Structures are given as structure tokens and as C-alpha cells.
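# 3D model of this:
(chains A and B, ligands or ions: 2)
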Amino acid sequence: MTPTPDFLDGNAAAGDLESLFGTDMTMASGQCHGCGRQMMLAETHAYLGGPGTVLRCPGCDGVLLRMVRSAHDMWLDASGLDHLRLPVSA
Amino acid sequence: MARATVPRRLGERLRWRTARLTRREDESSLARTLVLDVPGWPGHEAGQHVDVRLTAEDGYSTQRSYSVASAPDGETVELTVQRTDDGEVSPYLTDELTVGDLVELRGPVGGWFVWRPEQKEPVFLLAGGSGLVPLMAMIRMRRAVGSRTPFRLIYSARSPETRLFTSELRRGDPGLDTTYVYTRSAPPQWPRPAGRIDASVVSGGGWPPDFEPTCYVCGSTAFVETAAGLLVALGHHPGRVRTERFG
Ligand SMILES: Cc1cc2nc3c(=O)[nH]c(=O)nc-3n(C[C@H](O)[C@H](O)[C@H](O)COP(=O)(O)OP(=O)(O)OC[C@H]3O[C@@H](n4cnc5c(N)ncnc54)[C@H](O)[C@@H]3O)c2cc1C
Ligand SMILES: [Zn+2]
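Residues are numbered from 1 along each chain as shown, chains lettered A, B, ... in the order given. Ligands and ions are numbered 1, 2, ... in the order given. You can find the predicted model right below:
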């Protein structure tokens, strides 16, 4: 049997993402800087067990986005994404 | 209409709310349903989850996600939690939390693993263990709005005693077909010996890929990997397979 990977879906990070961005980000689409893959943030691989939240690319496993909360600040590093596209209401 | 109760929240930061346990019910030998009163609950969509936060006296706090089990119903939110014996949060929620106690939650969150009543394509639900919870919300939402969209459910449980929502599923809904798979022990005379979900179960209990169903797969990471892999191998388009890994 193959070992089960220890990630969840990006959807599992919906609460953290929404508390930062103020809107549902799971339906935002992004493009991976590493391999060019387009995906919804809900479809990324989410690693929530560490000191922060990390979303990785399902194509190349590169880090797309990292959120870390310290005592006074929230750090956001989204440099693994070429862009993010959000649906907006009319 | 349920849909109209879900406001757009663009620009509003997600808040932690205080919820009060008003009732709890045994759901299986491992799971309890918690009925919570959440003042100001904005409504939810079928498949969304909440984050639950527990804080100890010394300030240590921890949070976990739980799917909403119920269809939207005012300020009442039902969660169905399955106990992980050596877990930190689930034994507290199933065994310690008593009626009148408060917990913090935020949500609903997640706009992706959602079924909306205006979807007209057939729906294929694949649940492993507690992964049935958000799929049950979809079944309940379908019933609440009187949708005729055909649903098929494959539900994999360890044994008959660990099944969730047993009597509700036995009562059934017109247009919902359910297939059970048991991984550890099957009832006597059950046609299929205990074992993991496989291609014959998925093709027998589901829709053929030409019907272009939307597939919702939820359960442990291992279950989701297996079931989603089988769907794609059988010819379902990966873009129509939505997954929710519970860990
Ligand atoms: C979007 C989403 C929705 C969910 N919905 C539901 C739901 O509706 N119902 C439900 O019952 N669950 C649901 N879950 C799962 C839930 O969030 C919890 O993961 C589950 O209740 C277990 O939490 P716990 O605190 O009891 O266990 P944890 O303390 O998190 O432990 C889980 C397992 O990991 C092991 N473990 C813990 N720490 C370590 C470590 N350091 N090293 C090695 N192993 C370790 C433990 O032994 C245990 O077996 C959902 C998850 C997600 C992501
Ligand atoms: Zn990539």
C-alpha cells in the first residue's frame, strides 16, 4: 500500500483564507508560477498542521501561498502564484 | 428560499461566533449529532463547513473543521462529529460538551464543495465514514427544495454499527439510490464481502461517465485518493470530480 499523503484540499483552508481576504477564496483561480497550471484554490493541496497554512500546487508540488500568523502580524507570501482571479458579484 | 439567505460577504471579515448546544443525539456507535443555536447565522449552502475553536483556561486554543450536516434552517446548525479515540477535539465534542455549553465557530465557509439546487446534472456522491456528513446536507437540501435531480450515493462504512443517518437513509428519498460498502464487517448474507471500494462498486452504484454527473467524494484522505482515482480511471472527467479530504 502506498503511504497516504498528509495534505487536505485547499477548501479546508477556506476559513483562514476568508478571514484574511474578506471573501470566499476557494472559488478564486490561480496560476502556478512554477508549472503554469491553472486551478481553483479549493483544488490545491493544503498543509494545515504546521505553524501556518501552506497551499501547494497539485501539479508540481511547489508552494503557491503561505500564511503565517505571529503575535502581532499576519504574513502572506503568495509569490508562488502568477496571479489570482476572483469572481465578483455584479 | 434557502439560497436567498446566503448573503454576499465581500469585504466583511469572517467572525468567530458563539454557539450554544441545544440538543445532542447519538448518530452511530461512534458519532453524535450536535444541534447548535448560532445567533446571527447567515444561512449556508449544502457542503459548506465551519471551523470550531476550543480555548482552554490557560489560553491554549485549537481549531478543527466540521461540515454542516443540516439543510439551512434559521439559526440552527447541526454538526455530526465522529469520535477519533486518540484525537484532541472530536472526543471533547462528542462526549464532554453538554446541552447549554458554548463553543466558538466561524463560517459557513467553502464555496467549492457545494451542491446548489439549480444544478440539473445527475449527482454522484461517494462517502467514506464521516465523509457522509456534507453529502447528507446535499441530500437534505435536495429534499428541502423538492428537487428531482437524480442522486446516487455509495457509502463505505467500517461496519453496520458505524453507519451514520441509518434510519433517514433507510426511509429514502425518491430519486436517491444508495449502495453500501463495508470495509471491516458486513451484515450476514450481504452480497459483497467486507472490503474496500473498487471499480465494480463505483460503476455498479454510480452513473456512467457519459451522463456527465458531478461527483462529490468525501472521507479520509485514503478513501478520497482511492475513490477519486477510480472515478477518473472509469472515464469521469477530473473537472467534474470534487473532493473533500477530512484528513
Ligand atoms: C473541511 C473538513 C470538514 C470536516 N467535517 C467533518 C465532519 O463533518 N465530521 C467529522 O467527524 N469530522 C470532520 N472533519 C475532520 C475533523 O476536522 C477532525 O480532523 C477530526 O474530528 C479529528 O480531530 P481530532 O482533534 O479529534 O483528532 P486529532 O487530534 O486531530 O488527531 C487525528 C488523528 O491524527 C493522529 N495524530 C494527531 N497528532 C499527531 C501527531 N503529532 N503525530 C502523529 N499522529 C497524530 C491522532 O492519533 C489521530 O488518530 C472534517 C475535516 C475537514 C478538513
Ligand atoms: Zn505547479
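
# Please make it C-alpha for all contacts and neighbour counts, starting now.
OK.

# Determine the number of other residues adjacent to the closest residue to ligand 1 within chain A.
Ranked by C-alpha to the nearest ligand atom, the top residue of chain A for proximity to ligand 1 is A:Ala12, at 4.3 Å. A:Ala12 is flanked by 32 other residues according to other C-alpha atoms under 10 Å in any protein chain shown.

# again with B:Val52
Neighbours of B:Val52 using other C-alpha under 10 Å come to 21.

# so the residue of chain A closest to ligand 1 sits in a strand?
No: the assignment for A:Ala12, made by DSSP: H, G, I helix; E, B strand; the rest coil, is helix rather than a strand.

# For B:Gly195, which non-adjacent residue is closest in space?
In this structure, B:Gly195 finds its nearest non-sequential neighbour in B:Thr183, 4.3 Å apart by C-alpha to C-alpha, 6 or more residues apart in numbering or on different chains.

# Would you quantify the distance from the one you found to B:Leu30?
16 Å (C-alpha to C-alpha, to the nearest Å).

# Could you point out the longest strand of chain B?
Taking DSSP state E as the criterion, chain B has its longest strand at strand B:17-26.

# Send me the following helix or strand past that strand as CSV with only the CA atoms.
Next helix or strand after strand B:17-26 toward the C-terminus (DSSP states H and E): strand B:31-37. Extracted in CSV, the C-alpha atoms of strand B:31-37 (Å, rounded to 0.1, in the frame of the first residue of the first chain):
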residue,chain,number,x,y,z
ALA,B,31,-20.8,9.6,16.3
ARG,B,32,-23.0,12.3,17.8
THR,B,33,-25.1,15.0,16.2
LEU,B,34,-24.8,18.4,17.9
VAL,B,35,-27.6,20.8,17.4
LEU,B,36,-26.4,24.3,17.9
ASP,B,37,-28.1,27.6,18.2
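
# sorry, back to before: what's the burial count for the residue nearest to B:Gly195?
Neighbour count of B:Thr183, defined by other C-alpha under 10 Å: 17.

# Which positions in chain A make contact with chain B?
Counting by C-alpha under 8 Å from any C-alpha of the partner chain, the residues of chain A close to chain B are A:4-9, A:11-12, A:14-15, A:18-27, A:42.

# ranges for the strands of chain A?
Using DSSP E, strands in chain A cover A:8-9, A:29-32, A:38-40, A:45-47, A:52-56, A:63-69, A:74-77, A:81-85.

# Tell me how far the second one lies from the chain's centre.
It refers to strand A:29-32. 10 Å (C-alpha atoms, centre = their mean, to the nearest Å).

# And for the fourth one?
Taking C-alpha atoms, centre = their mean, the mean C-alpha location of strand A:45-47 is offset from the chain mean by 7 Å.

# list the buried ones in that strand?
Judged by neighbour count (16 or more other C-alpha atoms under 10 Å in any protein chain shown), strand A:45-47 contains these buried residues: A:45-47.

# need the residues you listed in TSV with pLDDT and distance to ligand 1, can you?
TSV is the format used below for the buried residues of strand A:45-47 (pLDDT from 0 to 100; distance: C-alpha to the nearest ligand atom, whole Å):
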residue	pLDDT	distance to ligand 1
A:His45	96	11
A:Ala46	97	9
A:Tyr47	95	10
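
# okay if I get the strands of chain A as a markdown table plus distance to ligand 2?
What follows is the strands of chain A, written out as a markdown table (distance: least, C-alpha to the ion, whole Å):
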| stretch | distance to ligand 2 |
| --- | --- |
| strand A:8-9 | 15 |
| strand A:29-32 | 5 |
| strand A:38-40 | 8 |
| strand A:45-47 | 11 |
| strand A:52-56 | 8 |
| strand A:63-69 | 8 |
| strand A:74-77 | 16 |
| strand A:81-85 | 9 |
